[in-house]
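Peer 1: One predicted model, sequence on top.
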Amino acid sequence: MINYIWFGMILASALCALCTGRLGELSTAVMDGAQGAVELSISLLGSMCAWLGVLKIAEKSGLTALLAEGFSPLINWLFPEYRDDQQIKGKMCMNISANFLGLGNAATPLGLAAMEAMQAQNPHKETPTRGMVLFVVINTASLQLLPVNMAAMRSACGSAQPFNILPEIWLTSLAALGAAVAFCKLAESRSRLG
């Protein structure tokens, strides 16, 4: 579906440029956009390498394990069906810890591993469990202590203080996460009643 949306946007842009006689401006914008995307990707690559190194240090020092242990009571409350499964809980805790530290790219393989472990226990393989849905929602609306990707993009675009948006990021991500979890829990309770 997303491919059709992108194709429609590209086609609409080309038709508008053709109708208004601005094909030259469109081709210039396409080339400038492609160059900007490559430059941004390269600058983000350096930042991500640095922060993935920080994650490895946090892992080796025991910080992520400490965070995972701290998140364990919350995981037990949010995912009661996995309360006794230390393997799934450990993977979820590591994923949430990595997201909390702002390392979304490093959190992705951990999240996939947690989803695979949850799917292995899923009795209905074609339908995700409530825990799987909630886990995806938490990952999507994750609370980040250090939004590394956002800071790297701000720095690449010339920001002198890329981390000065932290209070706003914390408030909005906490509100989004709270609303998402509350909605999922409300939907769960309604489906149990209905």
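Peer 2: All right, it came through fine.

Peer 1: nearest residue to the spatially most central residue of the chain other than its sequence neighbours?
Peer 2: For the chain, the residue sitting closest to the mean C-alpha position, by C-alpha atoms, centre = their mean, is residue 140 at 4.9 Å. In this structure, residue 140 finds its nearest non-sequential neighbour in residue 180, 7.3 Å apart by C-beta to C-beta, 6 or more residues apart in numbering. To be clear about C-beta, it is placed using only N, CA and C from the backbone, and glycine gets the same treatment.

Peer 1: With residue 117 instead?
Peer 2: residue 88 (4.7 Å).

Peer 1: rewinding a little: and the residue nearest to the centre of the chain, how far from residue 177?
Peer 2: Note on residue 140: its distance to residue 177, by C-beta to C-beta, to the nearest Å, is 9 Å.

Peer 1: again, but for residue 30
Peer 2: Residue 30 is 37 Å from residue 177, by C-beta to C-beta.

Peer 1: okay, the two: which has more neighbours?
Peer 2: residue 177 (17 against 14; other C-beta atoms under 10 Å).

Peer 1: Tell me the pLDDT of that one.
Peer 2: pLDDT for residue 177: 90.

Peer 1: residue ranges with poor pLDDT in this structure?
Peer 2: 44, 47-48, 51-52, 55, 64, 68, 104-105, 192-194 (pLDDT under 70).

Peer 1: Tell me how far the residue nearest to residue 22 when sequence neighbours are not counted lies from residue 107.
Peer 2: In space, and not counting its chain neighbours, residue 22 is closest to residue 16: 7.9 Å by C-beta to C-beta, 6+ apart. Going from residue 16 to residue 107 by C-beta to C-beta gives 39 Å.

Peer 1: Roughly how far does residue 36 sit from residue 28?
Peer 2: Distance from residue 36 to residue 28, by C-beta to C-beta: 12 Å.

Peer 1: Then residue 161?
Peer 2: 32 Å.

Peer 1: What segments of this protein are strands?
Peer 2: Under the criterion DSSP state E, the chain contains no strands.

Peer 1: Who are the packing partners of the longest helix seen in it?
Peer 2: The longest helix of the chain (DSSP state H) is helix 23-61. Helices and strands touching helix 23-61, as assessed by 3 or more C-beta pairs under 8 Å, 6 or more residues apart in numbering; DSSP states H and E, comprise helix 2-20, helix 63-78, helix 104-120, helix 148-156.
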